[in-house]
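Undergrad: Structure for the following, please:
(chains A and B)
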2 protein chains.
Amino acid sequence: MLSRVSFVMVEPSHPGNVGSAARALKTMGFARLVLVNPRVPDAKNHPDAVALASGATDVLAGAAVCETLEEALAPVTMAFAMTARHRDLGPPACDMRQAAQLAREHLYSDGSGQAQAAVVLGTERSGLTNGQVALCHRLCHIPANPEYSSLNVAQALQLAAYELRYALLDAAALAPAGRPAGPEPAPGAVVEALLTHWEQALVAVGYLDPRHPKKLMPRMRHLFSRAGLSREETDLLRGVCTAIIAQSRKISDGRS
Amino acid sequence: MLSRVSFVMVEPSHPGNVGSAARALKTMGFARLVLVNPRVPDAKNHPDAVALASGATDVLAGAAVCETLEEALAPVTMAFAMTARHRDLGPPACDMRQAAQLAREHLYSDGSGQAQAAVVLGTERSGLTNGQVALCHRLCHIPANPEYSSLNVAQALQLAAYELRYALLDAAALAPAGRPAGPEPAPGAVVEALLTHWEQALVAVGYLDPRHPKKLMPRMRHLFSRAGLSREETDLLRGVCTAIIAQSRKISDGRS
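TA: Predicted coordinates:
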């Protein structure tokens, strides 16, 4: 079950932190590290990364490198954004222990074998942007000392991996046999495609003015993300989009 | 309550680890670090210690230095020995989360105000001796990857401090400060009205055939219910319904 969790570092600046992250993951039995647009070229072969990975050079060498967070989350069905800051209009917030419980429920209730969880960390300096947070299903935070919450990314990752290990292995021991399978969850790329289609439909039906979009699409994203859509539900909603767009074409054809 | 917990490093070799330990404690709101017979003279003023303590130089500067573990544990009423190895004839063993619960019960059930807990870590190289472990009340371990349990002392301390913080502060105190109230949730009648309106829109757009509704509406209900809609979201979605129905009327008006 641990192999279905990945840890995503967005634009890491210091290769040493990437190495420490690899080590932190491996101590907790995880192996999937993803680097989104690292600031240093070839970050995973940098001497600082290799030195700090210590015996976890296998995790470091196996790290995936992506251009964008969307790409990193394309196969992911439940993503947790680690952030200490509150966000207006962000996904629902929880602490890291609750996040680990949610990941556990998500992964164990999946009958399709397709569910994947991810923990997403922002840059060392400024964390995640609101746009990056919006690609995730939940916000989570480490309940640190509010007067000195100076956890570096590798430490935050260590605590996240620890909580996930604890929750996922505990669940393995406790999982009732023969539990009915839940629906197949929709991966990130499928939800993104739905949002694009939904936006087109809202424009076609005249509800969304592309010149004055306001916060309509972020609100819709928030709603869909919170619901944790199944693949079947995304299919249903895309069917609605197709019907709306087809109807609006009839009107413009009628006018022409 | 956090001030009644100390963290004891026995014979630390690397001043950098002492600095990292100070930082790890402070991130979790603890301040009592005790060094037993450090291998480097004046370890807490060593440049590596100061550098790695980062903003936790107050904790580092305030660290107590003792000659022996007995001296460090003299005021302590419940001591936990952190060790990955099993010991014959040692104190009872538990994991770090259970240890934190025990510390909580111990400190909160104390009427005298004299109870003090301590977490004791051994040397970087060889951990605690059997004689040192025997001075403690409980053994505790971090449930790490058995094939790579390479946590350094500062990381082990970070996880121990995290568990103790979580156990000692109640959930209310852990909630992020200044968190705004969430959006107003939609009451059941509002969601029912939305579902009725949504059904009319799906019929109007030709997606739902009222003679063969299949399970479309139960599925939509399930989705909306799971999301826990806010009142604002139901307003948005009802706006979409109104737009869809208005558009379909244009078509039928065009035909008539």
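Undergrad: Okay, buried residues for the top helix by length along chain A please.
TA: Assignment by DSSP state H gives helix A:231-255 as the longest helix of chain A. Neighbour-count burial for helix A:231-255, with 16 or more other C-beta atoms under 10 Å in any protein chain shown as criterion, is recorded at A:231, A:233-234, A:236-238, A:240-241, A:243-245, A:247-248, A:250-251. Backbone N, C-alpha and C define where each C-beta goes, glycine included.
Undergrad: distance between it and the chain's centre?
TA: 29 Å (C-alpha atoms, centre = their mean, to the nearest Å).
Undergrad: and chain B, which of the buried residues of helix A:231-255 reach it?
TA: When contact is defined as C-beta under 8 Å from any C-beta of the partner chain, the buried residues of helix A:231-255 meet chain B at A:233, A:236, A:240, A:243-244, A:247-248, A:250-251.
Undergrad: Redo those residues as TSV? Include pLDDT.
TA: Formatted as TSV, those follow (pLDDT from 0 to 100):
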residue	pLDDT
A:Glu233	92
A:Leu236	93
A:Val240	95
A:Ala243	95
A:Ile244	94
A:Gln247	91
A:Ser248	89
A:Lys250	86
A:Ile251	80
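Undergrad: Just give me the closest of these to B:Ala79.
TA: Nearest to B:Ala79, judged by C-beta to C-beta, of these is A:Glu233 at 53.3 Å.
Undergrad: phi, psi of the nearest residue to that closest one once chain neighbours are set aside?
TA: Once flanking residues are discounted, A:Glu233 sits nearest to B:Leu223: 5.4 Å by C-beta to C-beta, 6 or more residues apart in numbering or on different chains. Note on B:Leu223: its backbone torsions stand at phi -60, psi -50 [degrees, to the nearest 10].
Undergrad: what number of residues lie near B:Leu223?
TA: Close neighbours of B:Leu223, defined as other C-beta atoms under 10 Å in any protein chain shown, add up to 20.
Undergrad: Give me the pLDDT for it.
TA: B:Leu223 is assigned 85 on the pLDDT scale.
Undergrad: Then A:Val10?
TA: Reported pLDDT for A:Val10: 97.
Undergrad: show me the contacts for it.
TA: For A:Val10, the contact set (C-beta atoms under 8 Å, 6 or more residues apart in numbering or on different chains) comprises A:36-37, A:69, A:120-123, A:128, A:132.
Undergrad: Please pick the buried ones from the residues you listed.
TA: A:36-37, A:69, A:120-123, A:128, A:132.
Undergrad: Out of those, which is nearest to A:Ala161?
TA: A:Leu121 (11.3 Å).
Undergrad: Get me the contact residues on the stretch 1-150 of chain A for chain B.
TA: Counting by C-beta under 8 Å from any C-beta, the residues of the stretch 1-150 of chain A that sit close to chain B are A:23-24, A:26-29, A:54-56, A:84, A:86, A:88, A:93, A:95, A:97, A:141-150.
Undergrad: Got a ChimeraX select line for the buried ones in these?
TA: Buried residues within the residues of the stretch 1-150 of chain A next to chain B, by 16+ other C-beta under 10 Å, are selected in ChimeraX with:
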select /A:23,24,26,27,28,29,54,56,93,95,97,141,142,143,144,145,148,149
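Undergrad: Give me the subset of the residues of the stretch 1-150 of chain A next to chain B lying in helices.
TA: Using DSSP H, the residues of the stretch 1-150 of chain A next to chain B in helices are A:23-24, A:26-27, A:97.
Undergrad: Just the element for the residue positioned nearest the centre of chain A, please.
TA: Closest residue to the average C-alpha location of chain A: A:Ala79 at 2.6 Å, with C-alpha atoms, centre = their mean. Assigned by DSSP states H and E, A:Ala79 falls within strand A:78-82.
Undergrad: Get me the contact residues on the stretch 151-256 of chain A for chain B.
TA: Neighbours of chain B within the stretch 151-256 of chain A, by C-beta under 8 Å from any C-beta: A:151, A:155, A:158-159, A:162, A:165-166, A:169, A:202, A:205-207, A:216, A:219-220, A:223-224, A:226-229, A:232-233, A:236, A:239-240, A:243-244, A:246-248, A:250-251, A:254.
Undergrad: what about the stretch 101-250 of chain A, any weak spots by pLDDT?
TA: Filtered on pLDDT under 70, the stretch 101-250 of chain A yields the residue ranges A:171-181.
Undergrad: Which residues does the strand holding A:Ala79 contact?
TA: Against strand A:78-82 from outside (C-beta under 8 Å, 6+ apart): A:8, A:73, A:90-91, A:96, A:99, A:102-103, A:106, A:115-122, A:128, A:132-133, A:135-142, A:156, A:160, A:185, A:188, A:228.
Undergrad: Weed out the non-buried ones from the residues you listed.
TA: Buried by 16+ other C-beta under 10 Å: A:8, A:73, A:90-91, A:96, A:99, A:102-103, A:106, A:115-122, A:128, A:132-133, A:135-142, A:156, A:160, A:185, A:188, A:228, out of the contacts of strand A:78-82.
Undergrad: and the gap between A:Lys215 and B:Arg238?
TA: Distance from A:Lys215 to B:Arg238, counting by C-beta to C-beta, to the nearest Å: 17 Å.
Undergrad: How far off centre is the strand or helix carrying A:Ala193?
TA: Element membership for A:Ala193 (DSSP H and E) is helix A:188-204. The chain centroid and the centroid of helix A:188-204 are separated by 18 Å under C-alpha atoms, centre = their mean.
Undergrad: part of a strand, is A:Glu163?
TA: No: assessed with DSSP: H, G, I helix; E, B strand; the rest coil, A:Glu163 is helix; it does not lie in a strand.
Undergrad: That one and A:Arg104 touch, don't they?
TA: No: contact criterion C-beta atoms under 8 Å: A:Glu163 and A:Arg104 do not qualify, at 10.0 Å.
Undergrad: residues contacting A:Gly239?
TA: B:Tyr207.
Undergrad: let's see 10 Å
TA: Contact analysis of A:Gly239 by C-beta atoms under 10 Å, 6 or more residues apart in numbering or on different chains lists A:197, B:202, B:207-208, B:216.
Undergrad: and which of the residues you listed is nearest B:Val50?
TA: When the contacts of A:Gly239 are compared against B:Val50 (criterion: C-beta to C-beta), the nearest one is A:His197, at 56.5 Å.
Undergrad: Report the separation between the residue lying closest to that closest one once chain neighbours are set aside and A:Ser248.
TA: The spatial neighbour of A:His197 that comes closest, neighbours along the chain excluded (C-beta to C-beta, 6+ apart), is A:Cys241 at 4.3 Å. Relative to A:Ser248, A:Cys241 is positioned 11 Å away (criterion: C-beta to C-beta).
Undergrad: Find the residues that touch each one of the two.
TA: In contact with both A:Cys241 and A:Ser248: A:200-201, A:204-205, B:205, using C-beta under 10 Å, 6+ apart.
Undergrad: Output those residues as CSV; include the columns distance to A:Ala193.
TA: Putting those into CSV (distance: C-beta to C-beta, whole Å) gives the following:
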residue, distance to A:Ala193
A:Gln200, 11
A:Ala201, 13
A:Ala204, 17
A:Val205, 19
B:Val205, 20
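Undergrad: From these, pick the one nearest B:Asp42.
TA: Among these, and counting by C-beta to C-beta, the member closest to B:Asp42 is A:Gln200, at 68.4 Å.
Undergrad: Hmm, that closest one is touching A:Cys241, no?
TA: Yes: the pair A:Gln200 / A:Cys241 is scored as a contact, 6.8 Å apart, by C-beta atoms under 10 Å.
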